[in-house]
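**Student:** test case, fold it:
(chains A and B)
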Protein chains: 2
Amino acid sequence: MNIKLTVAYDGENYNGFQIQPDVKTVEGVLNRAIEKTVKHEVKLMSAGRTDRGVHSMGQVVNFFSDTTIDIGNLPKVINYHLPEDISVVGAEYVPDDFHARFSAKGKFYRYLIYRGKYRHPMYRKAMHYPYKLNLDDMRKALSCLEGEHDFKSFMGRRAVVKDTIRRIYSIEIKEKEDMIYIDFYGKSFLKNMIRIIVGTAIEIGAGRRDIDFMRRALNSTNRKAAGFTAPSNGLYLMKIYY
Amino acid sequence: MNIKLTVAYDGENYNGFQIQPDVKTVEGVLNRAIEKTVKHEVKLMSAGRTDRGVHSMGQVVNFFSDTTIDIGNLPKVINYHLPEDISVVGAEYVPDDFHARFSAKGKFYRYLIYRGKYRHPMYRKAMHYPYKLNLDDMRKALSCLEGEHDFKSFMGRRAVVKDTIRRIYSIEIKEKEDMIYIDFYGKSFLKNMIRIIVGTAIEIGAGRRDIDFMRRALNSTNRKAAGFTAPSNGLYLMKIYY
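**Tutor:** Numbering: from 1, shown residues only, chains lettered A, B, ... in the order given. Next comes the predicted model:
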């Protein structure tokens, strides 16, 4: 059977999602926990990598297994083998041709900015930015990114992809008390893309750049034309759409 | 000058608030950070102890100092000497007769219950209770605790106080998605009092006890007549009123 799992994790103590030799990654720890549960080797497919320090509320993986463990109990049994900062929060059977990455229709990422004057232990998993931000300016600037564009300017330097065209369905900014939520819906994203977009938006919101800076950065297809890379601890992979 | 600080902390890795020799406590770590900042010994007064593992959004302490550090910068300077899980989030001068504990008019505590089916890494600082709970029954049961009562039944066994009369102004239950918030407003509380009240309310909400069980527990003035002690990781000291 093809089994799909939804996985939440606190990325703080991991070297990103993707399995690598000799370092602790979410996929590595998850893979071992699943193998301990189903008692055979598994090959995990995943919806996508998340960078070091990025969190997930809805990462999706799938694997094939003939385990007889009831699908309703499977998350609990796997969670028994997982540390507190990773948890399987859903499991279901899917058709054989389901692939966590290739079947995905879209992804929802959220970036959190905590605006409180002083750092706060309970809001550590958000970027702390205690200065003025003009959210309307940020909204205006971000709107030019919606649709299909070459996002090369917003790609981490060490990324190795040739096709840098991506489609963003929408970007929304919400505010609640001292927290800002920037929600990104898109087909898929380049490495560091959301964090560089957020960094650029913050430079605009802070008044250090004009609103049109975002569009100029986009059009330049040059990483140097965009803003800084916002820290990983504010980024959450929220949901994969199929 | 008499200086009042508001302090937030994640209690997970501390043996409670109150300073003790040879173990890590919030007060111990905070005291050292303040002394490093003002460069003299200080005697901290605090609004109250919190148990091991309990969190704070609004603990209050005060101390006397002739430091010349600007009061607006003081939190940042102290925070420089504090670990990530403790943070000073406010500072102000107060009259000499202000005492963090004796001047307090009331306290607001919140208890968080996460109801998601599976444990979740991002909701670890809440009690995980994935079973049915009748919130209306819990509300009805809790209402008998409002007002002034002898709360001896809801006091931790190792507490050493003679006067167990306390006044609860109100208890409110709110629900938002998979999270339940139980808000307690009172003059002051006995050791473990809120956690035992929450445990008792959960037994009622789960249907294992009838609604009147809370009143009978209260009237018995006997710890054995009340429910279990809910875990400390769901409890937050939210605010001290002066």
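**Student:** centroid-nearest residue for chain A?
**Tutor:** With distances taken as CA atoms, centre = their mean, the residue of chain A nearest its centroid is residue A:237 (3.3 Å).
**Student:** separation between the residue of chain A positioned farthest from its centre and residue A:39?
**Tutor:** Most distant from the centre of chain A: residue A:68, at 32.1 Å, with distances by CA atoms, centre = their mean. If you measure residue A:68 against residue A:39 using CB to CB, to the nearest Å, the figure is 10 Å. C-beta here means a position set from N, CA and C on the backbone, and glycine is covered the same way.
**Student:** show me where chain A has strands.
**Tutor:** With DSSP state E, the ranges of strands along chain A come out as A:2-9, A:45-46, A:55-64, A:86-94, A:106-114, A:127-128, A:147-150, A:165-176, A:179-186, A:235-241.
**Student:** parallel or antiparallel, list what pairs with the second one.
**Tutor:** If I follow you right, that is strand A:45-46. Here the strand partners of strand A:45-46, with direction, are listed using DSSP bridges: strand A:55-64 (antiparallel).
**Student:** near chain B, which residues of chain A are found?
**Tutor:** Chain A comes close to chain B at residues A:8-10, A:55, A:57, A:75-76, A:79, A:84-90, A:116-122, A:124-125, as judged by CB under 8 Å from any CB of the partner chain.
**Student:** export the strands of chain A to CSV and tack on mean pLDDT?
**Tutor:** Written out in CSV, the entries for the strands of chain A read as follows (pLDDT from 0 to 100):
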stretch, mean pLDDT
strand A:2-9, 98
strand A:45-46, 97
strand A:55-64, 98
strand A:86-94, 98
strand A:106-114, 98
strand A:127-128, 98
strand A:147-150, 97
strand A:165-176, 97
strand A:179-186, 98
strand A:235-241, 98
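**Student:** pipe those into JSON lines and attach distance to residue B:230 per row.
**Tutor:** Output for the strands of chain A, formatted as JSON lines (distance: least, CB to CB, whole Å):
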{"stretch": "strand A:2-9", "distance to residue B:230": "23"}
{"stretch": "strand A:45-46", "distance to residue B:230": "36"}
{"stretch": "strand A:55-64", "distance to residue B:230": "25"}
{"stretch": "strand A:86-94", "distance to residue B:230": "21"}
{"stretch": "strand A:106-114", "distance to residue B:230": "28"}
{"stretch": "strand A:127-128", "distance to residue B:230": "31"}
{"stretch": "strand A:147-150", "distance to residue B:230": "50"}
{"stretch": "strand A:165-176", "distance to residue B:230": "27"}
{"stretch": "strand A:179-186", "distance to residue B:230": "27"}
{"stretch": "strand A:235-241", "distance to residue B:230": "28"}
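**Student:** buried subset of the residues of chain A next to chain B as a ChimeraX selection?
**Tutor:** Selecting only the buried entries of the residues of chain A next to chain B in ChimeraX, with 16 or more other CB atoms under 10 Å in any protein chain shown as the criterion:
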select /A:8,9,10,55,57,75,76,79,85,86,87,88,89,116,118,119,120,121,122,125
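**Student:** coming back round to it: closest one to residue B:207 among the strands of chain A?
**Tutor:** Counting by CB to CB, residue B:207 lies closest to strand A:86-94 out of those; the figure is 25.8 Å.
**Student:** from the chain's centroid, how far away is that closest one?
**Tutor:** Distance of strand A:86-94 from its chain centroid, counting by CA atoms, centre = their mean, to the nearest Å, is 18 Å.
**Student:** cool, and stretch A:1-10?
**Tutor:** A distance of 15 Å separates the C-alpha centroid of stretch A:1-10 from that of its chain, computed with CA atoms, centre = their mean.
**Student:** okay, it in CSV with CA atoms only?
**Tutor:** Listed next in CSV are the C-alpha coordinates belonging to stretch A:1-10 (Å, rounded to 0.1, in the frame of the first residue of the first chain):
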residue,chain,number,x,y,z
MET,A,1,0.0,0.0,0.0
ASN,A,2,1.0,3.6,-0.7
ILE,A,3,0.8,5.5,2.6
LYS,A,4,0.7,9.3,2.9
LEU,A,5,1.8,10.9,6.1
THR,A,6,1.4,14.5,7.2
VAL,A,7,4.3,15.6,9.4
ALA,A,8,4.8,18.6,11.7
TYR,A,9,8.1,19.6,13.0
ASP,A,10,10.0,22.3,14.8
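**Student:** for that stretch, which positions count as buried?
**Tutor:** Under the neighbour-count criterion of 16+ other CB under 10 Å, stretch A:1-10 has A:2-10 buried.
**Student:** in JSON lines: those, plus distance to residue A:16.
**Tutor:** Formatted as JSON lines, the entries for the buried residues of stretch A:1-10 read as follows, by distance: CB to CB, whole Å:
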{"residue": "A:2", "distance to residue A:16": "25"}
{"residue": "A:3", "distance to residue A:16": "23"}
{"residue": "A:4", "distance to residue A:16": "21"}
{"residue": "A:5", "distance to residue A:16": "18"}
{"residue": "A:6", "distance to residue A:16": "19"}
{"residue": "A:7", "distance to residue A:16": "14"}
{"residue": "A:8", "distance to residue A:16": "16"}
{"residue": "A:9", "distance to residue A:16": "11"}
{"residue": "A:10", "distance to residue A:16": "13"}
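**Student:** quick one: which of the residues you listed is nearest chain B?
**Tutor:** residue A:10 (4.4 Å; CB to the nearest CB).
**Student:** quick check: that closest one touching residue A:125?
**Tutor:** Yes. Contact criterion CB atoms under 8 Å: residue A:10 and residue A:125 qualify, at 7.0 Å.
**Student:** overlap in contacts of those two?
**Tutor:** The contact sets of residue A:10 and residue A:125 overlap at A:55, B:122 (CB atoms under 8 Å, 6 or more residues apart in numbering or on different chains).
**Student:** now do the contacts for the closest residue to residue A:33 other than its chain neighbours.
**Tutor:** Counting by CB to CB, 6 or more residues apart in numbering or on different chains, residue A:81 is the residue found nearest to residue A:33 once chain neighbours are left out, at 3.7 Å. If a contact means CB under 8 Å, 6+ apart, then residue A:81 has A:32-33, A:36-37 as its contacts.
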